[in-house]
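Asker: pasting the sequence and the predicted coordinates here, then a few questions.
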Amino acid sequence: MTFDNLNLIEPILRALKTEGYTTPTPIQQQAIPIILQQRDLLGCAQTGTGKTAAFAIPILQSLYQARSQHKEQKTIKALILTPTRELAIQIDESFAAYGRHTGLKHTVIFGGVSQNPQTDALRRGVDILVATPGRLLDLINQGYVRLEHLKILVLDEADRMLDMGFVHDVKKIISKVPARRQTLFFSATMPNEIQQLANSILNNPEKIEVTPVSSTADTIQQHLFFVEKSDKKALLIHLLKDKDIKTVLVFTRTKHGADKVVKDLNRVGITAEAIHGNKSQNARQRALANFKNRTTRVLIATDIAARGIDIDELTHVINYELPNVPETYVHRIGRTGRAGADGIAFSFCEEEEIEYLKDIHKLIGKTIPVNEAHPYPMSPTFVAKKMEPAAKAAQAPRHQKSPGHRDGKRRWGRNRSRSKN
């Protein structure tokens with residue numbers, strides 16, 4: 001199948017050709033026809049599956065066709081809610097790319113920067129608004145944003161918005177949009193809380209699921225390094241001596257940890273920058289641009305700041321610290337091996353993280369191969385003793401409740417940070 005088979009209009013097909021897109025991904029093949037039929041949609045798809053184009057392309061087509069028929073005014077007709085600044089910016093860039101020949105106006109609003117350029121764009125009139133919940137509510141309360149003419153509402157990365165504590169803001173925003181609208185709901189995971197939110201805002205939705213979050217792409221080589229906490233810095237520097245590692249995204253659990261890794265690498269002459277919520281918006285965008293153009297070899301990121309980062313030809317991901325939520329492991333390593341390309345994921349595991357590793361093994365249904373050929377290994381006897389139950393956990397049937405569930409419900413409070421990185 002090609003994009004020509006999806007009944008897309010010429011201005012959009014021309015833009016896709018310019019972008020070099022010919023074959024839609026599975027979620028694009030399924031979602032675009034449904035959205036063009038103006039049906040509500042519940043989509044479950046992990047990172048890297050192409051879901052931004054899956055909703056941006058049909059939204060652009062629907063609004064373009066409606067405008068040509070009715071000569072509608074410049075009012076906000078489509079709203080895309082997303083949890084992070086970086087993802088909001090990238091979604092807006094996607095609308096710019098796919099809609100370059102449509103004449104539709106779009107803008108993006110997010111916190112952490114002056115609102116003046118954003119309110120200036122809103123005054124000029126926009127058809128499509130991409131926003132983070134906090135800044136959107138602020139501008140609604142100030143009278144800069146009116147949503148009474150909204151036709152399409154998109155909630156992207158809904159599970160992450162819940163995790164970041166945005167659910168109440170989202171509900172406030174939903175109360176301000178017309179009841180008669182098309183709603184598109186995307187989430188990488190579908191815990192009970194997210195399912196309940198979807199049920200409350202969707203009207204008889206079509207459901208699609210692409211590459212469940214519990215699976216990791218076969219194109220990604222996964223390697224596990226057991227290492228003492230005090231040796232992680234040395235191991236990272238050792239691995240980065242390999243010149244074949246052209247670009248690498250390194251994950252830490254905290255902002256402080258990200259900054260510390262940057263300092264450690266810069267001291268030994270390795271170019272690295274951090275991206276997290278304590279950085280200014282300009283600093284975050286500059287770090288991301290430097291990484292994309294390979295001025296910076298290593299980008300250190302927290303999970304929330306990295307959500308939505310799309311780097312072409314990213315060769316390596318390193319989990320400097322294992323995540324305490326197993327689904328996050330799948331999201332992290334999904335930054336590489338995108339669109340069928342090969343990728344490599346290295347994960348460091350210290351003693352305190354072994355329980356997290358067991359949860360990851362159970363989720364993905366297999367054990368990550370251990371790399372013992374490095375200068376800083378933990379005692380094999382100690383590791384074997386600690387990991388003895390892990391092999392059984394990895395082989396347990398998927399429908400059994402994991403340690404992170406109780407009566408089928410995830411315990412969202414379990415070691416999970418709600419800080420806005």
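Answerer: Sure thing, it's come through.
Asker: test my guess that Phe226 contacts Thr381.
Answerer: No: counting by Cβ atoms under 8 Å, Thr381 is not a contact partner of Phe226; they are 11.6 Å apart. From N, CA and C alone the C-beta is placed, and that goes for glycine too.
Asker: more neighbours: these two, which one.
Answerer: Shown here are Phe226 and Thr381; by other Cβ atoms under 10 Å, Phe226 has more neighbours (25 against 8).
Asker: how many residues are close by the nearest residue to the more buried one once chain neighbours are set aside?
Answerer: Spatial nearest neighbour of Phe226, excluding adjacent residues (Cβ to Cβ, 6 or more residues apart in numbering): Met378 at 4.3 Å. Met378 is flanked by 18 other residues according to other Cβ under 10 Å.
Asker: list the contacts of Met378.
Answerer: 226-228, 351 (Cβ atoms under 8 Å, 6 or more residues apart in numbering).
Asker: tell me the buried residues within those.
Answerer: 226-227 (16 or more other Cβ atoms under 10 Å).
Asker: determine which two of the contacts of Met378 are furthest apart.
Answerer: Across the contacts of Met378, the longest distance by Cβ to Cβ is 9.7 Å; it joins Val227 and Glu351.
Asker: contacts for stretch 195-204 next, please.
Answerer: Outside stretch 195-204, the residues touching it (Cβ under 8 Å, 6+ apart) are 39-42, 153, 155, 158, 162, 167, 170, 174, 183, 185, 187, 190, 205.
Asker: in strands, which of these fall?
Answerer: Among these, the residues falling in strands (DSSP state E) are 41-42, 153, 155, 183, 185, 187.
Asker: most surrounded residue in those residues?
Answerer: Result: Leu155 is most packed of the ones in strands among the contacts of stretch 195-204 (other Cβ under 10 Å), 26 neighbours.
Asker: so that residue touches Ile194, yeah?
Answerer: No: counting by Cβ under 8 Å, Leu155 sits too far from Ile194 to count as a contact (9.6 Å).
Asker: just name the closest of the ones in strands among the contacts of stretch 195-204 to Thr328, please.
Answerer: For those, the nearest to Thr328 is Ser187 (13.9 Å; Cβ to Cβ).
Asker: excluding its backbone neighbours, what's nearest the closest one?
Answerer: Ala158 (4.0 Å).
Asker: try Ile140
Answerer: In space, Ile140 is closest to Lys176, 6.4 Å off (Cβ to Cβ, 6+ apart).
Asker: give me the secondary structure label for Ala54.
Answerer: helix (DSSP: H, G, I helix; E, B strand; the rest coil).
Asker: residues contacting it?
Answerer: So Ala54 contacts 25, 27-28, 30-32, 35, 43 (Cβ under 8 Å, 6+ apart).
Asker: Ala341 versus that one, what's the distance?
Answerer: 19 Å (Cβ to Cβ, to the nearest Å).
Asker: next: Lys243.
Answerer: 19 Å.
Asker: compare those two (neighbour count), which wins?
Answerer: Each of Lys243 and Ala341 has its neighbours counted (other Cβ under 10 Å); Ala341 has more, 15 against 6.
Asker: the residue nearest to Ser187 contacts Leu184, correct?
Answerer: No: between Ala158 and Leu184 no contact is recorded; they are 10.5 Å apart, counting by Cβ under 8 Å.
Asker: what about the two, which has more around it?
Answerer: Ala158 (29 against 26).
Asker: tell me the pLDDT at that one?
Answerer: Per-residue pLDDT puts Ala158 at 88.
Asker: coming back round to it: ok now do the residue nearest to Ser187, which residues does it touch?
Answerer: The contact partners of Ala158, taken as Cβ under 8 Å, 6+ apart, are 185-187, 194, 197-198.
Asker: one more time with 10 Å
Answerer: 42-44, 81-83, 166-167, 170, 185-190, 193-194, 197-198, 201 (Cβ atoms under 10 Å, 6 or more residues apart in numbering).
Asker: before we move on, what about Glu352?
Answerer: Glu352 is in contact with 229, 321-322, counting by Cβ under 10 Å, 6+ apart.
Asker: looking at those residues, which is nearest Glu93?
Answerer: Distances from Glu93 to those, taken by Cβ to Cβ, are shortest for Glu321, at 29.8 Å.
Asker: spatially nearest residue to the closest one (excluding sequence neighbours)?
Answerer: Arg253 (4.7 Å).
Asker: could you measure from the closest residue to Arg297 other than its chain neighbours over to Gln61?
Answerer: Nearest residue to Arg297, sequence neighbours excluded (Cβ to Cβ, 6+ apart): Thr271, at 5.0 Å. For Thr271, the distance to Gln61 (Cβ to Cβ) stands at 42 Å.
Asker: for these two, indicate the residue with more neighbours.
Answerer: Counted by other Cβ under 10 Å, Thr271 and Gln61 do not tie: Gln61 has more neighbours, with 22 against 15.
Asker: am I right that that one sits in a helix?
Answerer: Yes: the assignment for Gln61 is a helix, going by three-state DSSP.
Asker: residues in contact with it?
Answerer: 6-9, 11-12, 32, 35-36, 98-99, 102.
Asker: how long is stretch 350-370 from one end to the other?
Answerer: Using Cα to Cα, to the nearest Å, one end of stretch 350-370 lies 13 Å from the other.
Asker: could you do stretch 285-298 as well?
Answerer: OK, stretch 285-298 end separation, Cα to Cα: 15 Å.
Asker: what is the burial count for Lys260?
Answerer: 16.
Asker: dihedrals phi and psi, it?
Answerer: Main-chain dihedrals, Lys260, degrees, to the nearest 10: phi -70, psi -40.
Asker: fine by me, thanks again.
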